[in-house]
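Peer 1: Could you look at this predicted model? Sequence included:
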Amino acid sequence: MHQADNPFQSLAAPWIAGLTPYVPGKPISELERELGISDSIKLASNENPLGPGVRARAAIETALAELGRYPDGGGFALRRALAEHHGLSPAAVTIGNGSNDVLDLIARVFLQPGAESVFSEYAFAVYSIATQSVGAKARVARARDYGHDLEAMARLVTDRTRVVWIANPNNPTGTWLAAAPLKSFIGALPKTCLVVVDEAYTEYVSEPDFPDATHWIETFPNLIVTRTFSKAYGLAALRVGYALSDPRIAELLNRVRQPFNVNALAQAAAIAAINDPEHIRASVELNRAGMKQLTTAFERLGLAYIPSVGNFVTVDCGRPATPINEALLKRGVIVRPLGNYGMPNHLRISIGLESENARFIAAFEDVLAS
Ligand SMILES: *Cc1c(COP(=O)(O)O)cnc(C)c1O
């Protein structure tokens, strides 16, 4: 049904009328069902092509024995492990069903009709959805070279702004902010405004002046840093993420958090994953090689791409990407078109295994030539 024809819409909160749902990457099973094909590959949701490490897999198997019981609603062991990992108190940790859940908790606690949030053009789509879902107003700053323009963002902050959302690095552009400008931006915000630094891809970044905003939690009481196990840790299907913040902010987030929002397998796997740095190292290594493989191909094809420090890269097809995307799908290759981000000529490619990257490159060349 088209949204406008929904007779129940008039019963919903008024801001729900203008809300369009998040568009996830197409699952392989759905594409294959639609086209009657097999052997497809998905490079569309920035997942780790290696999946979880051996330690996380083993922890999941062990945790299966307790599936009949509710998980630990307070996430005691996971919060303690995360606190230790970051050198903070467990009271600073809020666990989420993916970091999306945490972003939503932040919106529910700190935004409401009359309040505003600020984020950048081309920023992660969930910031807009979380803001609108509670009836708050989004103020969107123009980007600079596809990245966050902190000065433009600062100009949109008013006494109504309660949350500034910053993805570092950003998805879908792969752009990033250096420590010094980000730190002074946060320091200059009014005390009445929280800033969320979303570090979903931080494990992949090796630039020397790339910040770890978790180190600033004790300096800035209005800072919330979010992390996820869905990307480098390879646990996207389990849905587990978290926020680090001043414990007084965490206490508010925990008032609205569902008691069992992180399931028992996810809690066990996440604890094992943070104690498996070798898996992160191997994943980052594979990503570095795959990034080179893709960008070398784009250069050979004469296509511009946005330099990315994440596990994905966004390429400018130089013409509308929708038909190219459709032709790739017919060849069993799922990538992410970015029309809904206002980037109709771009495709975002997640870095896969070497063989998957090669398969994408061959299909892409074939489509561009036909
Ligand atoms: C993928 C992603 C997330 C988180 O996803 P979850 O699976 O919900 O943890 C958060 N922020 C950005 C920028 C992302 O790309």
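Peer 2: Nice, thanks for sending it over.

Peer 1: count of neighbours near whatever residue of the stretch 251-370 of the chain ends up closest to the ligand?
Peer 2: Closest approach of the stretch 251-370 of the chain to the ligand (CB to the nearest ligand atom) occurs at Gly310, with a separation of 8.0 Å. No exception for glycine: its C-beta is placed from N, CA and C like everyone else's. When counting by other CB atoms under 10 Å, one arrives at 29 neighbours for Gly310.

Peer 1: For Val54, give me the pLDDT.
Peer 2: Val54 is assigned a pLDDT of 98 by the prediction.

Peer 1: Over to His2?
Peer 2: According to the prediction, His2 has pLDDT 69.

Peer 1: Now do the phi/psi pair for the spatially most central residue of the chain.
Peer 2: Residue closest to the average C-alpha location in the chain (CA atoms, centre = their mean): Ala200, at 5.2 Å. Dihedral pair for Ala200: phi -60, psi -30, per degrees, to the nearest 10.

Peer 1: How about the contacts made by it?
Peer 2: Contact analysis of Ala200 by CB atoms under 8 Å, 6 or more residues apart in numbering lists Ser99, Phe124, Ala167, Asn171, Thr226, Arg227, Thr228, Ser230, Lys231, Gly241.

Peer 1: still on that earlier bit, so the residue of the stretch 251-370 of the chain closest to the ligand sits in a strand?
Peer 2: No. Read with DSSP: H, G, I helix; E, B strand; the rest coil, Gly310 is coil and lies in no strand.

Peer 1: Quick check: it touching Asn171?
Peer 2: Yes. The criterion here is CB atoms under 8 Å, and Gly310 meets it with Asn171 at 6.6 Å.

Peer 1: Give the residues shared as contacts by those two.
Peer 2: Asn46, Tyr201.

Peer 1: and the ligand, which of the contacts of Ala200 reach it?
Peer 2: Counting by CB under 6 Å from any ligand atom, Ser99, Phe124, Ala167, Asn171, Thr228, Ser230, Lys231, Gly241 from the contacts of Ala200 sit close to the ligand.

Peer 1: Can you tell me what sits against the helix or strand hosting Val196?
Peer 2: According to DSSP states H and E, Val196 maps onto strand 194-198. For strand 194-198, the surrounding residues in contact (CB under 8 Å, 6+ apart) are 99, 103, 106, 110, 124, 162-168, 182, 185-186, 189, 213, 220, 222-226, 249.

Peer 1: one more time with 6 Å
Peer 2: Contact partners of strand 194-198, identified using CB atoms under 6 Å, 6 or more residues apart in numbering, comprise 110, 163-168, 186, 189, 213, 222-226.

Peer 1: can you pull out the strands in the protein?
Peer 2: For the chain, applying DSSP state E gives strands covering 41-42, 93-96, 116-120, 137-141, 161-167, 194-198, 223-228, 241-245, 305-306, 312-316, 333-334, 336-338, 343-350.

Peer 1: List the neighbouring strands of the first one plus their orientation.
Peer 2: Partner strands for strand 41-42, per DSSP bridges, with pairing direction: strand 333-334 (parallel).

Peer 1: now the strand it pairs with: mean pLDDT?
Peer 2: 97.

Peer 1: So what's the gap between it and the chain middle?
Peer 2: On the basis of CA atoms, centre = their mean, to the nearest Å, strand 333-334 sits 20 Å off its chain's mean C-alpha point.

Peer 1: same thing with stretch 282-301?
Peer 2: Taking CA atoms, centre = their mean, one finds the center of stretch 282-301 at 20 Å from the center of the full chain.

Peer 1: Flag every buried residue along it.
Peer 2: By 16 or more other CB atoms under 10 Å, the buried positions in stretch 282-301 come out as Ser283, Val284, Leu286, Asn287, Gly290, Met291, Gln293, Leu294, Thr295, Ala297, Phe298, Leu301.

Peer 1: Enumerate every residue touching the residue of the chain found nearest the ligand.
Peer 2: Proximity of the chain to the ligand (CB to the nearest ligand atom) peaks at Gly98, 2.6 Å away. Residues in contact with Gly98 (CB under 6 Å, 6+ apart) are Arg239, Gly241.
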